[in-house]
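>>> Sequence and predicted structure are below.
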Amino acid sequence: MSRKTASEERRKSEVRRQALRARDALAPAERTDKSRIIWTRVVQAWEFQQAETVLAYAHFRSEVKTDLLLRSVLESGKRLILPRVNRNRHELDLYLITDPERQLAPGAWDIPEPVPALCTPVALDEIECVIAPGVAFDPWGGRTGYGGGYYDRLLNALSPEQARVCLGLAFEAQIFYEVPRGLFDAHVGALATELRLVENR
């Protein structure tokens, strides 16, 4: 590993540590209230409004809660797509979800994921809006994940049109002036927090 790469990894690790500590420090009721505000921003955003097929995620631990968001996708008549970690290929497999309570179960790292036997696989090129998690973000679309690279691979595989409608979710406590970005680190086209919706298209 080069000196520059090692330095980037140390900076990423520190940003990750700070962001997770700040996110975990939010009281459960505060996380719920702020998640509701973020949900309102997302469903009103152009990225969400124009899409018929939405790739979202089921939250875990202290992430922005996505229960209301997943329900909104289904209630609006849009197609809801959720990812499942494929450790063999080190990728995210995508599945159509119509009933989260029945079709999701704890998977990799206890993240709620689609049960393949109960779901229909979906190709990436069908996605018209991407709602992505992250550990830390900056206002220019920079994103730092958990370090596995799964979402970087998926986001970097998006077409230019899809990348424009990629929306990151985070609490304001997870926003940094600038997050470290390596050559293969993906960015988001917009960012929703409880205080703002930042467009980077």
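In hand now; what should we look at?
>>> hey, which helix is longest across the protein?
For the chain, the helix with the greatest residue count under DSSP state H is helix 3-24.
>>> Would you map the helices across the chain?
Per DSSP H, the chain has helices spanning 3-24, 28-44, 46-49, 67-75, 100-103, 150-156, 160-164. These are given in chain order.
>>> Just send those helices back as CSV, with distance to residue 122, mean neighbour count and mean pLDDT too.
Using the backbone N, CA and C atoms, a C-beta is placed for each residue, glycine as well. Shown next, in CSV, are these (distance: least, C-beta to C-beta, whole Å; neighbours: other C-beta atoms under 10 Å; pLDDT from 0 to 100):
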stretch, distance to residue 122, mean neighbour count, mean pLDDT
helix 3-24, 29, 14, 86
helix 28-44, 20, 16, 97
helix 46-49, 18, 18, 94
helix 67-75, 14, 18, 96
helix 100-103, 13, 14, 96
helix 150-156, 12, 18, 95
helix 160-164, 13, 14, 93
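>>> Name the residues that touch the longest helix of the chain?
Helix 3-24 has contacts (C-beta atoms under 8 Å, 6 or more residues apart in numbering) with 1, 61-63, 135-136, 144, 146-147, 171, 173-174, 176, 179-180, 182.
>>> so who does the closest residue in space to residue 65 that isn't next to it in sequence touch?
Spatial nearest neighbour of residue 65, excluding adjacent residues (C-beta to C-beta, 6 or more residues apart in numbering): residue 35 at 3.8 Å. Counting by C-beta under 8 Å, 6+ apart, residue 35 makes contact with 64-66, 68.
>>> Quick check: of the residues you listed, which lies closest to residue 39?
Nearest to residue 39 out of the contacts of residue 35 is residue 68 (C-beta to C-beta; 4.6 Å).
>>> Tell me if I'm right that that closest one and residue 37 touch.
No: applying C-beta atoms under 8 Å as the test, residue 68 and residue 37 come out as separate, 10.7 Å apart.
>>> Show me which of the contacts of residue 35 is closest to residue 116.
Checking the contacts of residue 35 against residue 116 with C-beta to C-beta, the nearest one is residue 66 at 20.6 Å.
>>> Could you check how many residues crowd around the closest one?
Neighbour count of residue 66, defined by other C-beta atoms under 10 Å: 25.
>>> Does it touch residue 57 like I think?
Yes: contact status for residue 66 versus residue 57: in contact at 6.3 Å, counting by C-beta under 8 Å.
>>> Now do the shared contacts for those two.
Where contact means C-beta under 8 Å, 6+ apart, the residues bridging residue 66 and residue 57 through contact with each are residue 131.
>>> hang on, the earlier thing: run the angle between the longest helix of the chain and helix 28-44 for me.
If you take axes from the mean of the first three to the mean of the last three C-alpha atoms, to 10 degrees, helix 3-24 sits at 110 degrees to helix 28-44.
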